[in-house]
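>>> Model the structure of this input:
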Amino acid sequence: MLEEAHSLPDDIAALKAMVLASRADLAARDAELRNRDLLSRSSRTSTGTNTKLTAAVEAYFADLRRVRSSGGATGERSSYGPLANLLNAVGTALKPKMFCVGELADQGAGHPDFGPYAAKQVQKGEPREGQTPERGVVEVKAADDDARLTASGDQVSRYWRRYRLVLVTNTRDFVLAGEDEAGRPAKLETFRLSKA
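Numbering: from 1, shown residues only. Presented below is the predicted three-dimensional model:
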């Protein structure tokens, strides 16, 4: 169903950049940049944001480890809490801000696991009834599932037809299904948080 494309929405690009920047080598890269005098006073605000996002990714991994090591976890649903926390932390750094609603109501395509809503879509802490998430939907699968395969499947195709943007994850691999310049389904971006 999906072909590769090269465009990438800004909010997903921000998520990818945050995740990549939060890997273990972040401290080494920051030190190298400081040594080259590339960090100026004006970048302190973004560095503060990166620190918050890095902490969110570290908490995500710690929470996933804790859940999995408990011995009582299910394959997919047990990762919802840690993933929601990560997505909401990323959402506070985006412009406009975003937050995720879990277990979306069926709006004609089934029940996606999360719907990232822009802050402007929310009144009194809740999205307006019947409103689709501006930032697409998120489908979560078990860690041993292949996110790329899932992104090409029937479930994601249904979600794509309704929401036009679907982020598929198995908690470490992320595949963004969207549309190409001609409006056809396409895999816009893929990235991996960790190898195992």
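
>>> helix or strand right after the helix or strand of the chain with the lowest mean pLDDT?
One helix or strand of the chain scores below all others by mean pLDDT, DSSP states H and E: helix 26-35, with a mean of 42. The C-terminal neighbour of helix 26-35 among helices and strands, as given by DSSP states H and E, is helix 44-69.

>>> Tell me the helices and strands packed up against the following helix or strand past that following helix.
Counting by DSSP H and E, the element after helix 44-69 in chain order, helix or strand, is helix 80-93. With contacts taken as 3 or more CB pairs under 8 Å, 6 or more residues apart in numbering; DSSP states H and E, helix 80-93 sits against helix 10-21, helix 44-69, strand 98-102, strand 114-118, strand 137-140. All C-beta spots, glycine's among them, are computed from the backbone N, C-alpha and C.

>>> try 10 Å this time
Contact partners of helix 80-93 among helices and strands, from 3 or more CB pairs under 10 Å, 6 or more residues apart in numbering; DSSP states H and E: helix 10-21, helix 44-69, strand 98-102, strand 114-118, strand 137-140, strand 166-169.

>>> pLDDT averaged over the fifth one - what is it?
Throughout strand 137-140, pLDDT has a mean value of 97.

>>> So which elements touch it?
Strand 137-140 packs on helix 80-93, strand 98-102, strand 114-118, helix 147-151, helix 154-163, strand 166-169, strand 173-179, going by 3+ CB pairs under 10 Å, 6+ apart.

>>> closest one to residue 61 among the ones you listed?
Closest approach to residue 61 among these is made by helix 80-93 (8.3 Å; CB to CB).

>>> and the angle for the closest one with strand 114-118?
20 degrees (axes from the mean of the first three to the mean of the last three CA atoms, to 10 degrees).

>>> Relative to the whole chain's centre, how far out is helix 80-93?
In this view, helix 80-93 has its centroid 8 Å away from the chain centroid, taken as CA atoms, centre = their mean, to the nearest Å.

>>> Buried ones in it, by neighbour count?
Buried residues in helix 80-93, counted by 16 or more other CB atoms under 10 Å: 80, 82, 83, 84, 86, 87, 88, 89, 90, 91, 93.

>>> now for the residues you listed, which pair is the farthest apart?
Farthest-apart pair in the buried residues of helix 80-93 is 80 and 93; separation 20.9 Å (CB to CB).
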